[in-house]
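1. coords below, sequence missing:
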């Protein structure tokens, strides 16, 4: 791996120092804030029901939480007498929460009879391949992995900010609105570099847990899912791993996703029925190995999803990508960006280029399976994050922004006021990412009345 860009390092260090000064922690390390949500804080979220009531274990068993249990502040499991349904079967037992699955053995729970009643082991990082949690009686405990995004989203809901949109003229606006354009750009690039550091650490943790090829495959699946279905696409990629797909990716992925059933889809025309028949002839042979019950299919979101981004079409795009994976694999770095973009935007399929779903009529014109905006999202969240070279950092800063999300739009207006150069400042993706980082770091931690970020901003000056 290339040596990390010294320019990006210096930029990230400036913002890291600012965070340390604001939060009073001289040892505040790069990526620590994104990485560190304390175990106690996760317990608090669990007790409050903020982490949701459903999930899927690492063995692909559906979990429904009926009662979260009693918070145990003494020795033993974290929560006692919880009520859980696993694949519809009611289980009453305890719940243990650990940062890593391996902590179960490190802390001696596997040889401690006090943990024999644990019915669910919750972990905050992906368990190693083949891992299972065992009790002193050598019985297996289901493992539920909670992603960092799920935990942080719950944490943000718990800390409902009094900041954005509540105070019409919050204190951040004044220094940011009056800053010179070069100082604002310098600040946004420093925050962006810090955010890249956080994402790189999380992705490398995933590579260590899943292996390089599977981690990249899941990253691409997540990107194809957009915001509405990214978790569902990752779940699909985990259930249908890359090394199991081989030449049957299309049938296997659409089947595991729940889109292939014994009967033809209602309204399908002759071409669609012929296509469906070919897929089904492959899938029925694989069902016994990879199929799941209907109530355990990914819970696909269709609300607000454009027709061309229907989950069936996103899964088909993933399948086409897998067929080209040997070509894509060596291009996942900054040096090969032009070739990578050509391959990803050039993915074609004789059926899906013209269809939104299996049963929908053909579109009037061909629509690309993967557009440039999706490719740029992949670059900004993974490819240019993993590559630590100067070339990658320079390319990251040049990435054009897509449509500004409502969250970024509202935050930029609240923070920067009515600057007449706002459009110019936010024409690159790194600026969008920076605003999201600032909101996460400060606006979900404090009310505007208590925030010291504005005072720190007054001293920010661009440095060569």
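-> Thanks, I have it. Computed from a prediction, not measured in an experiment: that's the story for all the values here.
2. Surely residue 344 and residue 321 touch.
-> Yes. Using C-beta atoms under 8 Å, residue 344 is in contact with residue 321, at 7.5 Å. C-betas here are computed from N, CA, C, even on glycine.
3. any common contacting residues for the two?
-> In terms of C-beta atoms under 8 Å, 6 or more residues apart in numbering, residue 344 and residue 321 are both contacted by the residues 328, 370.
4. Just want to know which of these two has more residues nearby.
-> Applying other C-beta atoms under 10 Å to residue 344 and residue 321 shows that residue 344 carries more neighbours, namely 24 against 21.
5. What helices and strands are in contact with the helix or strand that contains residue 337?
-> Counting by DSSP states H and E, the element that carries residue 337 is helix 337-345. Here helix 337-345 touches helix 325-328, helix 372-378, going by 3 or more C-beta pairs under 8 Å, 6 or more residues apart in numbering; DSSP states H and E.
6. where does the protein have low pLDDT?
-> Counting by pLDDT under 70, the chain shows low-confidence ranges at 1-5, 22-36, 157-170, 291-295, 444-450, 462-464.
7. mind listing the strands for it?
-> 54-56, 62-67, 70-71, 79-86, 89-98, 118-123, 133-134, 140-141, 143-145 (DSSP state E).
8. List the contacts of the third one.
-> To tie it back to what came earlier, the one meant is strand 70-71. Strand 70-71 is contacted by residues 43, 47, 78-81 when judged by C-beta under 8 Å, 6+ apart.
9. Which ChimeraX command selects the buried ones in these?
-> Burial among these is assessed by 16 or more other C-beta atoms under 10 Å; the matching ChimeraX selection reads:
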select :43,78,79,80,81
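10. Save the contacts of strand 70-71 as TSV, and put in distance to residue 92 too.
-> Formatted as TSV, the contacts of strand 70-71 follow (distance: C-beta to C-beta, whole Å):
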residue	distance to residue 92
43	20
47	18
78	16
79	12
80	10
81	7
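11. Out of the contacts of strand 70-71, the closest to residue 381 would be?
-> residue 43 (29.4 Å; C-beta to C-beta).
12. thinking again about what came up before, would you mind finding the most buried of the helices and strands packed on helix 337-345?
-> helix 372-378 (a mean of 18; mean count of other C-beta atoms under 10 Å).
13. Can you tell me which helices and strands it packs against?
-> Using 3+ C-beta pairs under 8 Å, 6+ apart, helix 372-378 sits against helix 212-224, helix 337-345.
14. and that helix, how far from the chain's centre?
-> 15 Å (C-alpha atoms, centre = their mean, to the nearest Å).
15. Other residues contacting that helix?
-> Here helix 372-378 makes contact (C-beta under 8 Å, 6+ apart) with 219-220, 223-224, 226, 340-341, 344-345, 399-400, 402-403, 429.
16. try 6 Å
-> The contact list for helix 372-378, computed with C-beta atoms under 6 Å, 6 or more residues apart in numbering, reads 223, 341, 344-345, 399, 402.
17. In contact with the residue nearest the centre of the chain, which residues?
-> Geometric centre of the chain, nearest residue: residue 149, 5.8 Å, by C-alpha atoms, centre = their mean. For residue 149, the contact set (C-beta under 6 Å, 6+ apart) is empty.
18. 10 Å - rerun?
-> Neighbouring residues of residue 149 by C-beta atoms under 10 Å, 6 or more residues apart in numbering: 202, 222, 230-231, 234.
19. Tell me which of these fall in helices.
-> Residues of the contacts of residue 149 located in helices (DSSP state H): 202, 222, 230-231, 234.
20. which one of the residues you listed has the most neighbours?
-> Top of those by neighbour count (other C-beta under 10 Å): residue 222, with 21 neighbours.
21. Please name the nearest non-neighbouring residue to it.
-> residue 230 (4.5 Å; C-beta to C-beta, 6 or more residues apart in numbering).
22. Distance to residue 68 for the helices and strands packed on helix 337-345 - can I get that in a markdown table?
-> Formatted as a markdown table, those follow (distance: least, C-beta to C-beta, whole Å):
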| stretch | distance to residue 68 |
| --- | --- |
| helix 325-328 | 41 |
| helix 372-378 | 35 |
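23. who wins for proximity to residue 19 among the ones you listed?
-> It's helix 372-378; of the helices and strands packed on helix 337-345, that one is closest to residue 19 (C-beta to C-beta) at 26.0 Å.
24. picking up where we left off before, thought residue 298 was touching the residue nearest to residue 222, still the case?
-> No. Here residue 230 lies out of contact with residue 298, judged by C-beta atoms under 10 Å, at a distance of 11.0 Å.
25. Pull the contacting residues for the residue nearest to residue 305 when sequence neighbours are not counted.
-> Leaving out its chain neighbours, the residue that sits closest to residue 305 by C-beta to C-beta, 6+ apart is residue 228, at 5.5 Å. Applying C-beta under 10 Å, 6+ apart, one finds that residue 228 lies in contact with 300-306, 309, 311, 314.
26. switch the cut-off to 8 Å
-> With C-beta under 8 Å, 6+ apart, residue 228 has these contacts: 301, 303-305.
27. likewise residue 12?
-> Residue 12 neighbours (C-beta under 8 Å, 6+ apart): 30, 190, 193-194, 196-197.
28. at 7 Å what do you get?
-> 30, 190, 193-194, 197 (C-beta atoms under 7 Å, 6 or more residues apart in numbering).
29. next one: residue 328
-> Per C-beta under 7 Å, 6+ apart, neighbours of residue 328: 321, 343.
30. And for residue 239?
-> By C-beta under 7 Å, 6+ apart, the contact set of residue 239 is 60, 256.
31. ok, now how distant is the spatially most distant residue from the centre of the chain from residue 251?
-> Distance to the chain centre peaks in the chain at residue 270, reaching 38.4 Å (criterion: C-alpha atoms, centre = their mean). Distance of residue 270 to residue 251, computed by C-beta to C-beta, to the nearest Å: 20 Å.
32. Same check on residue 240?
-> Taking C-beta to C-beta, one finds residue 240 at 10 Å from residue 251.
33. Residue 442 too?
-> Separation of residue 442 from residue 251 (C-beta to C-beta) stands at 48 Å.
34. what's the answer for residue 90, then?
-> 35 Å.
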